[in-house]
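Novice: I'll drop the sequence and a predicted model, then ask my questions.
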Amino acid sequence: MTGVCDLKYRQWFKGADVDGDGVITRQDVRLMGERYIAARGVMPESATARQLTEGLDAFWANVIAPMDQDGDGKVDLREMTAGFRRALADPALYPQQVGPVADCYFDLVDLDGDNRVDRAEFGEIFRHAGNVSSQDCAAVFDALDLDGSGGLDRAEFHRALVEFFYGDDPHAPASHLFGRIAV
């Protein structure tokens, strides 16, 4: 992995550390989902909300928790960066590691059910779940919408996340998915 990935992971960490205490816990991971569910006005007991919560629990258990090198139930930036370098080394594993959670977020954000995420929907998910500024959301969306259709379909959404978690191009629009990185 490169320094670019470290910068991207730092941006993700900032959004994932929901309570701002400098560590990610299971509660932070759950709060990411709860924050978004509440912002969307989705009932917490709905099937989609349950699916997101279960997906985030699996993401915690299978990806984040194993990064806890000192066993304190908390993952700091150093542990997370080292863990992402290990866990996210193979893009072929995206469908198991990140894909299910990404699908849940896609389904939640696609309010009109047209199987695409428009600019407003995209902005909402990354503002609420990733704590990204409206300006950054708009710029990233516009750059990701290569065909100018005004929406990202599920495959385009997944491609962006693959680039974010596995790519090392600092100029790729998806590198800034969770906020601008300084290169």
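Specialist: Looks like it arrived, so ask away. Because the structure is predicted, anything quoted here is derived from the model rather than measured.

Novice: The closest residue to Asp107 other than its chain neighbours: what's it in contact with?
Specialist: Spatially, and ignoring its direct neighbours in sequence, Asp107 is nearest to Thr48 (5.7 Å; Cβ to Cβ, 6 or more residues apart in numbering). In short, each C-beta sits where N, CA and C put it, glycine included. By Cβ atoms under 8 Å, 6 or more residues apart in numbering, the contact set of Thr48 is 42, 104, 107-108.

Novice: mind listing the helices for the chain?
Specialist: 3-16, 26-40, 47-59, 77-87, 94-97, 99-109, 119-128, 134-144, 154-166 (DSSP state H).

Novice: want to throw the ones you listed into JSON lines with mean pLDDT and distance to Ala65?
Specialist: Converted to JSON lines, the helices of the chain look like this (pLDDT from 0 to 100; distance: least, Cβ to Cβ, whole Å):
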{"stretch": "helix 3-16", "mean pLDDT": "90", "distance to Ala65": "13"}
{"stretch": "helix 26-40", "mean pLDDT": "85", "distance to Ala65": "7"}
{"stretch": "helix 47-59", "mean pLDDT": "83", "distance to Ala65": "9"}
{"stretch": "helix 77-87", "mean pLDDT": "90", "distance to Ala65": "9"}
{"stretch": "helix 94-97", "mean pLDDT": "86", "distance to Ala65": "13"}
{"stretch": "helix 99-109", "mean pLDDT": "82", "distance to Ala65": "14"}
{"stretch": "helix 119-128", "mean pLDDT": "83", "distance to Ala65": "24"}
{"stretch": "helix 134-144", "mean pLDDT": "90", "distance to Ala65": "29"}
{"stretch": "helix 154-166", "mean pLDDT": "92", "distance to Ala65": "17"}
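
Novice: could those helices be laid out in a markdown table, adding distance to Ala174?
Specialist: Shown next, in a markdown table, are the helices of the chain (distance: least, Cβ to Cβ, whole Å):
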| stretch | distance to Ala174 |
| --- | --- |
| helix 3-16 | 9 |
| helix 26-40 | 19 |
| helix 47-59 | 19 |
| helix 77-87 | 15 |
| helix 94-97 | 13 |
| helix 99-109 | 12 |
| helix 119-128 | 11 |
| helix 134-144 | 7 |
| helix 154-166 | 4 |
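
Novice: and of the ones you listed, who's closest to Pro66?
Specialist: Closest of the helices of the chain to Pro66 is helix 77-87, at 6.7 Å (criterion: Cβ to Cβ).

Novice: Buried ones in stretch 55-65, by neighbour count?
Specialist: Using 16 or more other Cβ atoms under 10 Å as the test for burial, stretch 55-65 gives 55-56, 59-60, 63-65.
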